[in-house]
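Undergrad: Predicted structure and sequence below. I'll ask about it afterward.
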Amino acid sequence: MSSRTLYLFTQKFPFKGGETFLETEILYLSAAFNKIVVFPFEQGKEYYSSLPINVEVSQPKFQSSARIRNILKSNFLILTGYYFRAIIFSHDRWKYLSQFRFNFNRILGLFSRAGDLFKHIENNNSDTVYYSYWFNDWASMLAICRRKGLKGKFVSRAHGYDYDVLQNGRGYFPFRESEMSEFDHIVQISEYGLLKMQKQYPRAKNLMLQKLGVMDNGLNPISEKGAKYRIVSCSNFVKLKRLPLMIDILSHLELDFEWVHFGWGEGADDIVKLAGQKLKPGSFEFRGITPNAEILRYYRENPVDLVMNVSELEGIPVSLMEAVASGIPVAGCNVCGVPEIVCKETGLLLNNEPKPKDTAIQIRTFLEEQARNMEFRRSVKSFWEKKYNSNNNYRQFIEKINNERI
């Protein structure tokens with residue numbers, strides 16, 4: 001175990017409702033670092049499960065308001081540098097002028113919170129690793145802290161919404177060039193994302209690829225001959241997950257099936273109502289928010305013929321990684337990083353804008369011809385071993401952030 005300390009910045013992990021997939025990574029991190037301090041952006045009331053003994057949770061107290069004059073006075077040179085770099089290097093330089101008020105207020109707020117964060121952690125050893133799990137506000141604050149003199153190594157992952165302008169309401173990420181320059185490593189989880197960021201930020205020399213991973217979950221039991229086909233999906237009820245489209249596709253699926261969905265969220269009542277209108281009674285089940293360990297146990301104990309995802313935008317869905325780790329075939333749309341896990345070796349790659357009736361025919365053919373073929377399911381499992389085995393991927397990631405420098 002290293003004597004180093006890791007500060008991990010998350011959205012809500014380890015509280016319920018946060019990043020469930022960090023449950024696996026935190027085990028590897030806790031074995032590699034002497035101490036880990038987790039900073040969730042949102043606080044909760046209950047943890048997913050017990051944390052490793054050397055992991056603790058903290059949160060700095062941010063001021064509800066700060067005087068603009070004081071922020072400008074103490075950060076004038078850094079603020080000027082942020083704007084200068086944006087105007088010189090950004091493809092969206094005109095937006096810094098046309099949206100000046102928004103950007104100015106945003107950067108002032110970030111500098112105010114970064115000041116509070118800096119005071120909270122400034123006495124740390126210079127050997128500390130600062131790891132933002134998302135390239136979001138935490139990463140922005142950490143970049144400012146480093147510019148203010150915080151010592152250590154700075155790492156951020158980038159997944160999907162946090163780097164892809166297609167998933168950003170404004171079509172760009174303000175001051176991203178300045179933020180990126182402060183990190184030793186910006187770690188993409190997909191080849192798609194790496195290429196996209198390299199094209200968007202050609203000056204960046206700190207981009208790298210390191211995919212996420214999941215643990216071995218055995219081999220999903222195969223369905224008995226003649227049993228109804230079981231299709232599983234796993235996601236929150238957010239618009240880009242396109243659950244109404246999923247229901248529409250399944251409504252055209254002309255075979256005996258059962259659809260099980262894990263997840264819940266805003267608009268759930270409308271989704272459940274739509275399923276009731278379009279699908280046969282007894283052909284669907286909504287299991288709500290379900291602990292990750294329970295989903296994995298479900299895969300070990302219940303035959304599943306297909307895990308399906310029809311999101312319009314994605315990184316690489318962890319739900320599909322967990323499926324292939326169980327030898328379960330997967331289906332997903334040809335968007336973003338999805339083709340890196342949904343391919344001939346693992347399942348059925350759908351059109352990025354799937355037509356429900358045509359897609360239902362594709363799915364029926366796949367289910368009848370391949371989904372229950374044991375040789376094919378073993379190839380799915382083999383694909384996980386080569387690409388998404390947590391034991392390989394997280395050890396490689398830790399070695400890189402511990403040893404490599406720019």
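TA: Right, received. Where do you want to start?
Undergrad: Might one say that Met246 is in contact with Ser311?
TA: No. Using Cβ atoms under 8 Å, Met246 is not in contact with Ser311; the gap is 9.8 Å. Bear in mind the C-beta positions are built from the backbone N, C-alpha and C, glycine included.
Undergrad: could you pull out the strands for the stretch 1-150 of the chain?
TA: For the stretch 1-150 of the chain, strands defined by DSSP state E, counting those that start in this stretch occupy the ranges 5-10, 35-40, 55-57, 129-132.
Undergrad: right, and those - which one's nearest Leu209?
TA: strand 129-132 (16.5 Å; Cβ to Cβ).
Undergrad: Give the rounded mean pLDDT of that closest one.
TA: Average pLDDT, strand 129-132: 97.
Undergrad: just stretch 63-73 next, same as before
TA: Taken as a whole, stretch 63-73 has an average pLDDT of 73.
Undergrad: Show the end-to-end separation of that stretch, please.
TA: Criterion Cα to Cα, to the nearest Å; first-to-last residue distance in stretch 63-73 is 17 Å.
Undergrad: contacting residues around that stretch?
TA: Leu79, Leu108, Phe111, Ser112, Arg113, Gly115, Asp116 (Cβ atoms under 8 Å, 6 or more residues apart in numbering).
Undergrad: do that again at 10 Å, thanks
TA: Contacts of stretch 63-73 with the rest of the structure, by Cβ atoms under 10 Å, 6 or more residues apart in numbering, involve 74, 79-80, 104-105, 107-116.
Undergrad: Looking at these, spot the one nearest Pro291.
TA: Arg113 (31.5 Å).
Undergrad: how about that closest one, what does it touch?
TA: By Cβ under 10 Å, 6+ apart, the contact set of Arg113 is Pro60, Phe62, Gln63, Ala66, Asp137, Trp138, Ser140, Met141, Ile144.
Undergrad: Repeat that for Ser283.
TA: Ser283 makes contact with Lys228, Ile231, Leu250, Ser251, Leu253, Asp256, Phe257, Glu258, Trp259, Ala275 under the criterion Cβ under 10 Å, 6+ apart.
Undergrad: Equivalent analysis for Gly347, please.
TA: Counted by Cβ under 10 Å, 6+ apart, Gly347 has contacts 306-308, 320, 323-324, 328-332, 341, 366, 370-371, 376, 380, 383.
Undergrad: Let's see that with 8 Å instead.
TA: Contacts of Gly347 (Cβ under 8 Å, 6+ apart): Leu306, Pro329, Val330, Ala331, Gly332, Phe366, Val380.
Undergrad: if you look at those residues, which of them are in helices?
TA: Phe366, Val380 (DSSP state H).
Undergrad: Apart from its neighbours in sequence, what residue is nearest the spatially most central residue of the chain?
TA: Residue closest to the average C-alpha location in the chain (Cα atoms, centre = their mean): His159, at 5.0 Å. Nearest in space to His159, with sequence neighbours left out and distances taken as Cβ to Cβ, 6 or more residues apart in numbering, is Gly315 at 4.3 Å.
Undergrad: Tell me how many other residues surround the one you found.
TA: If you count neighbours by other Cβ atoms under 10 Å, Gly315 ends up with 26.
Undergrad: Can you read off the backbone torsions of it?
TA: phi -90, psi -110 (degrees, to the nearest 10).
Undergrad: wait, it sits on Val335?
TA: No. The criterion here is Cβ under 8 Å, and Gly315 misses it with Val335 at 10.3 Å.
Undergrad: Show me what the closest residue to Phe366 other than its chain neighbours is bridged to.
TA: Spatially, and ignoring its direct neighbours in sequence, Phe366 is nearest to Leu348 (4.6 Å; Cβ to Cβ, 6+ apart). Bridge pairing for Leu348 (DSSP bridges) gives the partners Ala331.
Undergrad: Now do the contacts for Leu348.
TA: Contacts of Leu348 (Cβ under 8 Å, 6+ apart): Leu306, Pro329, Val330, Ala331, Val342, Gln362, Ile363, Phe366.
Undergrad: okay, those in JSON lines with distance to Val165 and neighbour count next?
TA: As requested, the contacts of Leu348 are arranged in JSON lines below (distance: Cβ to Cβ, whole Å; neighbours: other Cβ atoms under 10 Å):
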{"residue": "Leu306", "distance to Val165": "32", "neighbour count": "23"}
{"residue": "Pro329", "distance to Val165": "32", "neighbour count": "27"}
{"residue": "Val330", "distance to Val165": "27", "neighbour count": "26"}
{"residue": "Ala331", "distance to Val165": "27", "neighbour count": "28"}
{"residue": "Val342", "distance to Val165": "23", "neighbour count": "27"}
{"residue": "Gln362", "distance to Val165": "31", "neighbour count": "17"}
{"residue": "Ile363", "distance to Val165": "32", "neighbour count": "26"}
{"residue": "Phe366", "distance to Val165": "33", "neighbour count": "16"}
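Undergrad: Which of the contacts of stretch 63-73 fall within helices?
TA: Among the contacts of stretch 63-73, the members that lie in helices (by DSSP H) are 74, 79-80, 104-105, 107-116.
Undergrad: Now which of these would you call buried?
TA: For these, a neighbour count by 16 or more other Cβ atoms under 10 Å gives the buried set as Leu79, Ile107, Leu108, Gly109, Leu110, Phe111, Ser112, Arg113, Ala114, Gly115.
Undergrad: The third one - nearest residue in space that isn't next to it in sequence?
TA: Closest residue to Leu108 in three dimensions, ignoring its sequence neighbours and counting by Cβ to Cβ, 6+ apart: Ile71, at 5.5 Å.
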